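Participant: can't give you the sequence, but here's the structure:
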């Protein structure tokens, strides 16, 4: 750090280098905040949390007993204690007078464009749209089965849909404007555990199910999903396929040197060269009264072919005169000809003495190009699984070009969305996924670090390399949700011990004091061992 500051003073480095170095140092040294904490307002396990995108200052949390709290991160209501008190407190249980079981908050999210609305879901199968100012529910969607995850698009300008994933093997789309569920996306073989909208495409979304598949959907196209992600599909395999695929056009044109080559399409362009010395057929028009005759079924004759005398009568249908033959064709029958006895029908090309070669429009071309499959093109979904177990959480990277998935098979996988392939990043030391929320994963503000709950701890990994950086320890029960402040360097975690913990970068003074304390502790232990050895223990 001192070298960066010195080089910046000399003008050898730009300010962004020093800023990135300080951000990296801060993110790698997160610890429990010693100056800020949250008031213990929740009395049960915290299952979901979210920070609004519009103002980036309000933290929304929900627990298993249905309670909801909103904290203002820019305003500490108790300065002497540095505690965050909730500015709004709500509860799901007030909406269920008869049955109080299953009222826990399974998922929640702020409305992307305004903090006046937020959406929550309960395990009993209900989705609620809340008015923050009035502190009441303004819309309710009652669905079948349990609900595990909901998602709102951050870039939507033409739709206001809520994607709902739950116990049923389909994704339900609910419209905020009309208050009705308008569409269902079917394809999973079991329950759908998590769903996420694309960050930069309002019509695309991805889902992860209990069948171990990750599916990509386009809500504008009814039917099956666009693609499924396969854990055995790698980028190297895609490169080999691109090298082996023939680089030939899809349309094959007829060559002048081989007039008998078939046309690949009735509308394919026909090359013609006036400087060609070899005889080549000329183009003949189809009769106007035979619309079923394809254009490419007529042969070509060369203008250099010598003419022959013919007294064949012409019909009212105008046909261009050729040097090779004056034979005419009619829609129903062919007139008698002294020079030629060739007849033609509306579905058959006329024959010429000078050239008896005909082209069959229905004949397929022998040379075709192999299309390169992209993640946005349909593909087979048989045996295409992303995880051995169920997919529990999905997360897009900040550049929207990669997807991170976490499954119950103790695997975290990084997917390339441009190719739809597995990046083969090895995240080591993954424990069994115990989080009860589909939004358990989170990324740092620069997108370089991944925070993954692991029992009562939080493991920190590098996204591109998969290296394990450190483990954050502060909770006494399983961590269910993590969220990173979009505009800062703070991490928030909620666990089953009903506590919200704030993690912030350690100050240099605190690090020095901690190192000095550790060294003093080690020296004391060495002295004790030396004394015990001298006394003969």
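Facilitator: Yep, that arrived. Keep in mind that what you see is a predicted model, and the values were worked out from it rather than measured.
Participant: so how many other residues sit close to the nearest residue to residue 404 once chain neighbours are set aside?
Facilitator: Leaving aside its sequence neighbours, residue 404 sits nearest to residue 395 (Cβ to Cβ, 6 or more residues apart in numbering; 4.5 Å). Placement of C-beta: from N, CA and C, glycine included. Number of residues near residue 395 (other Cβ atoms under 10 Å) recorded here: 21.
Participant: Could you tell me which residues make contact with residue 395?
Facilitator: Residue 395 makes contacts with 196, 403, 404, 405, 441, 442, 443, 450, as judged by Cβ atoms under 8 Å, 6 or more residues apart in numbering.
Participant: Show me which residues of stretch 412-422 are buried.
Facilitator: Using 16 or more other Cβ atoms under 10 Å as the test for burial, stretch 412-422 gives 412, 413, 414, 415, 416, 417, 419, 420, 421, 422.
Participant: who's in contact with stretch 466-474?
Facilitator: 28, 30-32, 412, 414, 425-429, 449, 451, 454, 456-462, 491, 493, 501, 503.
Participant: Residue 174 looks like it's in a strand, true?
Facilitator: Yes - counting by DSSP: H, G, I helix; E, B strand; the rest coil, residue 174 is found in a strand.
Participant: buried residues in stretch 474-482?
Facilitator: Quick answer for stretch 474-482 (16+ other Cβ under 10 Å): 474, 475, 478, 479, 480, 481, 482.
Participant: In which helix or strand does the fifth one reside?
Facilitator: Taking DSSP states H and E as the definition, residue 480 sits inside strand 479-484.
Participant: Which is the succeeding secondary structure element to that strand?
Facilitator: strand 491-495.
Participant: Can you list the strands that that following strand pairs with?
Facilitator: strand 479-484 (antiparallel), strand 500-505 (antiparallel) (DSSP bridges).
Participant: What lies in contact with the first one?
Facilitator: Spelled out, it's strand 479-484. Contacts for strand 479-484 (Cβ under 8 Å, 6+ apart): 45-51, 59, 435-437, 439-445, 451, 453-458, 490-496.
Participant: hmm, back to that, what's the ChimeraX syntax to select whichever of the contacts of stretch 466-474 are buried?
Facilitator: In ChimeraX, this line selects whichever of those come out buried by 16+ other Cβ under 10 Å:
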select :28,30,31,412,414,425,427,449,451,454,456,457,458,459,460,461,491,493,501,503
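Participant: May I see the buried residues of stretch 412-422 arranged in a markdown table, with secondary structure, pLDDT and distance to residue 94 as well?
Facilitator: Formatted as a markdown table, the buried residues of stretch 412-422 follow (DSSP: H, G, I helix; E, B strand; the rest coil; pLDDT from 0 to 100; distance: Cβ to Cβ, whole Å):
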| residue | secondary structure | pLDDT | distance to residue 94 |
| --- | --- | --- | --- |
| 412 | strand | 94 | 38 |
| 413 | strand | 95 | 41 |
| 414 | strand | 96 | 42 |
| 415 | strand | 96 | 41 |
| 416 | strand | 95 | 46 |
| 417 | coil | 93 | 42 |
| 419 | coil | 88 | 49 |
| 420 | coil | 88 | 45 |
| 421 | strand | 93 | 48 |
| 422 | strand | 94 | 46 |
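Participant: Widest-spaced pair of those?
Facilitator: 412 and 419 (18.9 Å; Cβ to Cβ).
Participant: Please identify which helix or strand holds residue 25.
Facilitator: Assigned by DSSP H and E, residue 25 belongs to helix 15-27.
Participant: Show me what that helix packs onto, helices and strands only.
Facilitator: helix 2-9, strand 500-505 (3 or more Cβ pairs under 8 Å, 6 or more residues apart in numbering; DSSP states H and E).
Participant: residues of it that come out buried?
Facilitator: Buried, per 16+ other Cβ under 10 Å, within helix 15-27: 21, 23, 26, 27.
Participant: what do you get for stretch 211-229?
Facilitator: For stretch 211-229, the neighbour count (16+ other Cβ under 10 Å) marks 211-219, 225-229 as buried.
Participant: Parallel or antiparallel, which strands does the host helix or strand of the residue nearest to residue 404 pair with?
Facilitator: In this structure, residue 395 sits in strand 391-396 according to DSSP H and E. Strand 391-396 pairs in its sheet with strand 402-407 (antiparallel), by DSSP bridges.
Participant: got the contact list for the partner strand?
Facilitator: 206, 208, 212, 214, 229, 386-397, 412-417, 423, 433, 440-441, 450, 452, 463.
Participant: and residue 109, what does it touch?
Facilitator: Contacts of residue 109 (Cβ under 8 Å, 6+ apart): 50, 118, 119, 150, 151, 152.
Participant: Who are the contact partners of the fifth one?
Facilitator: Listed by Cβ under 8 Å, 6+ apart, the contact partners of residue 151 are 109, 162, 163, 195, 196, 197, 205.
Participant: Isn't the second one up against residue 147?
Facilitator: It stands for residue 162. No - under the criterion of Cβ atoms under 8 Å, residue 162 is not in contact with residue 147, lying 10.6 Å apart.
Participant: Neighbour count: the two, which is higher?
Facilitator: residue 147 (26 against 23).
Participant: does the more buried one have beta-bridge partners, and which?
Facilitator: With DSSP bridges applied, residue 147 shows beta-bridge pairing to residue 166.
Participant: got the residue ranges for the strands in the stretch 51-200 of the chain?
Facilitator: 58-63, 67-72, 83-84, 86-91, 105-110, 117-122, 126-131, 136-142, 147-152, 161-166, 170-175, 181-186, 192-197 (DSSP state E, counting those that start in this stretch).
Participant: now the longest one: mean pLDDT?
Facilitator: Averaging pLDDT along strand 136-142 gives 93.
Participant: re earlier: which among the strands paired with strand 491-495 is found nearest to residue 124?
Facilitator: Of all those, strand 479-484 comes closest under Cβ to Cβ, at 18.8 Å.
Participant: could you give the angle of the closest one to strand 105-110?
Facilitator: Here strand 479-484 runs at an angle of 10 degrees relative to strand 105-110 (axes from the mean of the first three to the mean of the last three Cα atoms, to 10 degrees).
Participant: Show me what residue 214 is bridged to.
Facilitator: If you apply DSSP bridges, the partners that residue 214 bridges to are residue 208.
Participant: sorry, back to before: with mean pLDDT and distance to residue 123 added, can I get the strands paired with strand 491-495 in a markdown table?
Facilitator: Below are the strands paired with strand 491-495 laid out as a markdown table (pLDDT from 0 to 100; distance: least, Cβ to Cβ, whole Å):
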| stretch | mean pLDDT | distance to residue 123 |
| --- | --- | --- |
| strand 479-484 | 94 | 14 |
| strand 500-505 | 94 | 21 |
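Participant: Kindly reformat those as TSV and extend each row with distance to residue 89.
Facilitator: Formatted as TSV, the strands paired with strand 491-495 follow (distance: least, Cβ to Cβ, whole Å):
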stretch	distance to residue 89
strand 479-484	18
strand 500-505	14
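Participant: now for these, which one comes closest to residue 83?
Facilitator: Across the strands paired with strand 491-495, closest to residue 83 is strand 500-505 (Cβ to Cβ), at 10.6 Å.
Participant: what angle separates the closest one from strand 67-72?
Facilitator: 30 degrees.
Participant: Report the inter-axis angle for strand 500-505 versus helix 15-27.
Facilitator: On the basis of the same axes, to 10 degrees, strand 500-505 is oriented at 140 degrees to helix 15-27.
Participant: what's the nearest residue to residue 416 if we skip its chain neighbours?
Facilitator: Spatially, and ignoring its direct neighbours in sequence, residue 416 is nearest to residue 423 (5.6 Å; Cβ to Cβ, 6+ apart).
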